[in-house]
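Student: please find the sequence and the predicted model below.
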Amino acid sequence: MSLSVFEVPTWALIKVIAADFKGQGIKQPAWASFVKTGSHTERVPDNPDWFLERMASILYRVFKEGCVGTGSLRSYYGGKKRRGPKRPHFRKAGGKIIRLCLQQLEKQGLVKKSKKGRVITAKGQGYLNQKAKEAVVFAKEFEAQKLVAVKHEKKTEAEKQVEEDLRKREHAEKEKGKAKEEARKKEKHKEEKKPEEQA
């Protein structure tokens, strides 16, 4: 049964495509580790593979929109720039990143130039359909891992409670032992003092 690209979670499809790009040996530019994606962002991306994921996302946008240019993609990936107490202003994303991603996708034969921008190729369409099947499996595995993590976390919390109870009991037993030892020492001291008083 054929599966439409729109029938799978977009985030899962992008993750699968980015992982495939990485497996193909597509390298990120040297400046990807210290450049921001636009003037509206405050820091560089935390994800070390963000450039490959941006490539995958742009491929999906080209497929979805039909024909897109750099300007529309800059607007799509832009955001509000915070200006302290002043009202935030919208800023477009960096154009160099988007242009480089499109060039890489063209080299792969997944997109091509048209009069008004880039469009998906037949190879790109087939590639997305293939990755859509993998994205379904990836999404199911991811959800299963989340459920296992939640169960493990709950189990860990229960175990922590049991361990805390055991620690409290051990502490109480030690305190009782200390109290008994103190009482025994006092009793022994009294017994040793009696013969001295009688003498």
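Tutor: Alright, I've got the coordinates. Numbers count the residues shown, from 1 in each chain.
Student: just the element for residue 89, please.
Tutor: strand 86-91 (DSSP states H and E).
Student: next one: residue 81
Tutor: Assigned by DSSP H and E, residue 81 belongs to strand 79-83.
Student: strand partners (parallel or antiparallel) of that strand?
Tutor: strand 86-91 (antiparallel) (DSSP bridges).
Student: what residues of the strand it pairs with count as buried?
Tutor: For strand 86-91, a neighbour-count test (16 or more other C-beta atoms under 10 Å) marks residue 91 as buried. Placement of C-beta: from N, CA and C, glycine included.
Student: that one: what's the following helix or strand?
Tutor: helix 95-107.
Student: from residue 88, how far out is the closest residue to residue 63 other than its chain neighbours?
Tutor: Spatially, and ignoring its direct neighbours in sequence, residue 63 is nearest to residue 120 (4.7 Å; C-beta to C-beta, 6 or more residues apart in numbering). Residue 120 sits at a distance of 34 Å from residue 88 (criterion: C-beta to C-beta, to the nearest Å).
Student: this structure: strands as residue ranges?
Tutor: 79-83, 86-91, 111-114, 117-120 (DSSP state E).
Student: now those strands in TSV, with mean pLDDT?
Tutor: Formatted as TSV, the strands of the chain follow (pLDDT from 0 to 100):
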stretch	mean pLDDT
strand 79-83	86
strand 86-91	89
strand 111-114	92
strand 117-120	92
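Student: determine which of the ones you listed approaches residue 179 most closely.
Tutor: strand 79-83 (61.2 Å; C-beta to C-beta).
Student: what are the ranges of the helices in the chain?
Tutor: 10-23, 50-65, 70-76, 95-107, 122-198 (DSSP state H).
Student: of these, which stretch is the most buried?
Tutor: The highest average neighbour count among these, using mean count of other C-beta atoms under 10 Å, belongs to helix 50-65 at a mean of 21.
Student: poorly predicted segments of this structure, please.
Tutor: Low-confidence segments of the chain (pLDDT under 70): 1-3, 145-160, 162, 193-199.
Student: hang on, residue 45 packs against residue 35?
Tutor: No. Judged on C-beta atoms under 8 Å, residue 45 makes no contact with residue 35 at a distance of 9.0 Å.
Student: which ones are touching the residue nearest the centre of the chain?
Tutor: Closest to where the C-alpha atoms of the chain average out (C-alpha atoms, centre = their mean) is residue 47, at 7.7 Å. Contact analysis of residue 47 by C-beta atoms under 8 Å, 6 or more residues apart in numbering lists residue 53.
Student: if anything else comes up later, I'll come back, but that's it for now.
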